[in-house]
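> Build me a structure from this.
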Amino acid sequence: MIMSGVLNMQPSSRVNLAAEPKESLEVTLMGAYAELMKGIGPISDSSVIVSHPAYKRIVAMGKVAIPIILHDLQREPSLLAWTLFDITGANPVRRSDYGKIDKITKAWLKWGRKNKYIK
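Predicted structure coming up:
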């Protein structure tokens, strides 16, 4: 279950947060994530999730959000892993692991270490 749809956002629709302090970025991202989780409830339909405005805001944060997302995933697997597909354009997840959030998270953490976003 590849999360796409936001990947094709125009560059002008991405948010420029590179100058924001890390703490402010984290608050913004986690606030959007809380809004997403509240908005989708127990829904697991990927098209509903990726079309949610809060999901789109997280993806629009771009590459500056990657370390924050990966650090959060180190604490606990979550749907934030899905946003990494759209932010990076990468897919380190084996097809057989689609839909398994623990395995999706592990694949992204491995990718994050390989690409030096986390240690």
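
> got the contact list for the spatially most central residue of the chain?
The centroid of the chain falls nearest to Thr83 when counting by CA atoms, centre = their mean (2.4 Å). In this structure, Thr83 makes contact with Met3, Tyr55, Ile58, Val59, Ala65, Ile69, judged by CB atoms under 8 Å, 6 or more residues apart in numbering. C-beta here means a position set from N, CA and C on the backbone, and glycine is covered the same way.

> biggest separation within these, which pair?
Greatest spatial distance in the contacts of Thr83: Met3 and Ala65, 14.4 Å, computed using CB to CB.

> Which one of those two is surrounded by more residues?
More neighbours sit around Ala65 than around the other of Met3 and Ala65, counting by other CB atoms under 10 Å; the figures are 24 against 21.

> what about that one, distance to Pro42?
Counting by CB to CB, to the nearest Å, the gap from Ala65 to Pro42 is 25 Å.

> what does Pro92 give?
Applying CB to CB, one obtains 27 Å for the distance of Pro92 from Pro42.

> Between those two, point out the one with more neighbours.
Applying other CB under 10 Å to Pro92 and Pro42 shows that Pro92 carries more neighbours, namely 18 against 5.

> So which bits of the longest helix along the chain are buried?
What stands out as the longest helix in the chain, according to DSSP state H, is helix 22-40. Within helix 22-40, the residues that qualify as buried by neighbour count (16 or more other CB atoms under 10 Å) are Leu25, Glu26, Thr28, Leu29, Ala32, Tyr33, Glu35, Leu36, Met37, Ile40.
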